[in-house]
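**Student:** Next one to model:
(one chain, ligands or ions: 1)
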Amino acid sequence: MKVYFVGAGPGDKELITIKGFNILKRAEYCIYAGSLINKELLSVLPSTARKYDSSKMNLENMVEVFKEAKAENKDLVRLHSGDPSIYGAIQEQMHALNKLQISYEIIPGVSSFVAAAAALNQELTLPGVTQTIVITRMEGNTPIPEKEHLSKLALSTPTLCIFLSIEKISEIVEILLPHYGKDCPIAVVYKASWPEQMIIRSRLSDIENIVKNEAITKTAMIIVGHVLDKEFDRSILYSKNVC
Ligand code: SAH
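**Tutor:** Okay, the predicted model is just below:
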């Protein structure tokens, strides 16, 4: 018996890995992130599989299901949105599994920040612009260490991918303006890879009004940085001197 943490991808059901898909096909237990994953993926499970929506559970409830699957010697898929390692709260689940002496494996997934970059037809690391991507979020219930405050991360003007924070767009703009400038491009991708995907491209000075007008309040990726402008140097990788 084993627990598989599987990345379901950003939404489009074809963006799960083949490995994750094959495990899903034979899992008799599944705990899925109900608010974010594509529910069509659940139809891949055997018809006898027991399904639990993690948005209605706490860690202790999940541990009960882990124990039940162990008692029945059946594999369990813990289906996470995007990639399980990013804001997935998997470490505490693995800690609980260690205590229960249940083995586990992580199957990575397509994170929403790369799905958003794909929707934008955008490389996030452009020569001559930036070679660094910072994945971060604004403080919510989870505190942010002081040294990781957005104003500090902004000092080197990397490409920023900001999760879980669309409702704080005005605060984000205020913090970033002195570092990136009012003309710095910013994109908001709502529900990347879903049929209802929406892309907003704007400048730091204007984004807040657009987001408010579109009434986007969740499931959005904010990407900020000068890579979104079209000026850049050619890559070294594919230059004539290297090939
Ligand atoms: N592990 C996930 C992130 C979970 S946190 C991953 O790797 O993508 C949830 C946040 O992810 C949301 O608030 C939103 O910021 C982002 N997100 C998840 N799915 C998204 C999607 N399809 N489009 C845009 N943002 C998404």
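
**Student:** Quote the end-to-end distance of stretch 109-127.
**Tutor:** 27 Å (C-alpha to C-alpha, to the nearest Å).

**Student:** now swap in stretch 181-197 and tell me
**Tutor:** Per C-alpha to C-alpha, stretch 181-197 runs 28 Å from first to last residue.

**Student:** Offset the numbering so it begins at 14, please.
**Tutor:** Yes, from this point I'll number from 14; that puts the last item at stretch 194-210.

**Student:** mind listing what the residue of the chain found nearest the ligand touches?
**Tutor:** Taking C-beta to the nearest ligand atom as the measure, the point where the chain comes nearest the ligand is Gly95, at 2.0 Å. For the C-beta atoms, the positions are set from N, CA and C on the backbone; glycine is no exception. Each residue near Gly95 by C-beta atoms under 8 Å, 6 or more residues apart in numbering is listed here: Gly20, Ala21, Gly22, Pro23, Leu49, Gly101, Gly122, Val123, Ser124, Ser125, Phe126, Ala128.

**Student:** what are the phi and psi angles of the last one?
**Tutor:** The reference is to Ala128. Note on Ala128: its backbone torsions stand at phi -70, psi -40 [degrees, to the nearest 10].

**Student:** thought it was touching Ser206?
**Tutor:** Yes - with contact defined as C-beta atoms under 8 Å, Ala128 reaches Ser206; the gap is 4.7 Å.

**Student:** Which one's more surrounded, these two?
**Tutor:** Here Ala128 and Ser206 are compared on neighbour count by other C-beta atoms under 10 Å; more neighbours surround Ala128, at 24 against 20.

**Student:** got the domain boundaries for this structure?
**Tutor:** 15-120, 125-242 (automatic domain parsing).

**Student:** Kindly state the beta-bridge partners for the residue of the chain closest to the ligand.
**Tutor:** When bridges are assigned using DSSP bridges, the partners listed for Gly95 are Gly22.

**Student:** Contact residues of this protein facing the ligand?
**Tutor:** 23-24, 49, 93-96, 99-101, 124-125, 128-129, 176-177, 202, 204-207, 232-234 (C-beta under 6 Å from any ligand atom).

**Student:** Filter those down to just the buried residues.
**Tutor:** 23-24, 49, 93-96, 99-101, 124-125, 128-129, 176-177, 202, 204-206, 232-234 (16 or more other C-beta atoms under 10 Å).

**Student:** Sort out for me which of those residues are in strands.
**Tutor:** Mapping those onto strands (DSSP state E) picks out His93, Phe176, Val202, Ala233, Met234.

**Student:** how about those residues, which pair is most distant?
**Tutor:** Between any two of those, the greatest separation by C-beta to C-beta is 19.3 Å, found for His93 and Val202.

**Student:** Now do the buried residues in stretch 192-200.
**Tutor:** Within stretch 192-200, the residues that qualify as buried are His192, Tyr193, Cys197, Pro198, Ile199, Ala200, counting by 16+ other C-beta under 10 Å.

**Student:** which stretches of this protein form strands?
**Tutor:** Using DSSP E, strands in the chain cover 15-20, 42-45, 63-66, 89-93, 116-120, 146-150, 172-176, 198-203, 211-216, 233-237.

**Student:** Only alpha carbons, please: show the last one as PDB.
**Tutor:** Which is strand 233-237. Listed next in PDB are the C-alpha coordinates belonging to strand 233-237 (Å, rounded to 0.1, in the frame of the first residue of the first chain):
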ATOM      1  CA  ALA A 233      -5.500  34.000 -10.600                       C
ATOM      2  CA  MET A 234      -1.700  34.200 -11.200                       C
ATOM      3  CA  ILE A 235      -0.100  37.600 -11.100                       C
ATOM      4  CA  ILE A 236       3.100  37.900 -13.200                       C
ATOM      5  CA  VAL A 237       5.200  41.000 -13.000                       C
END
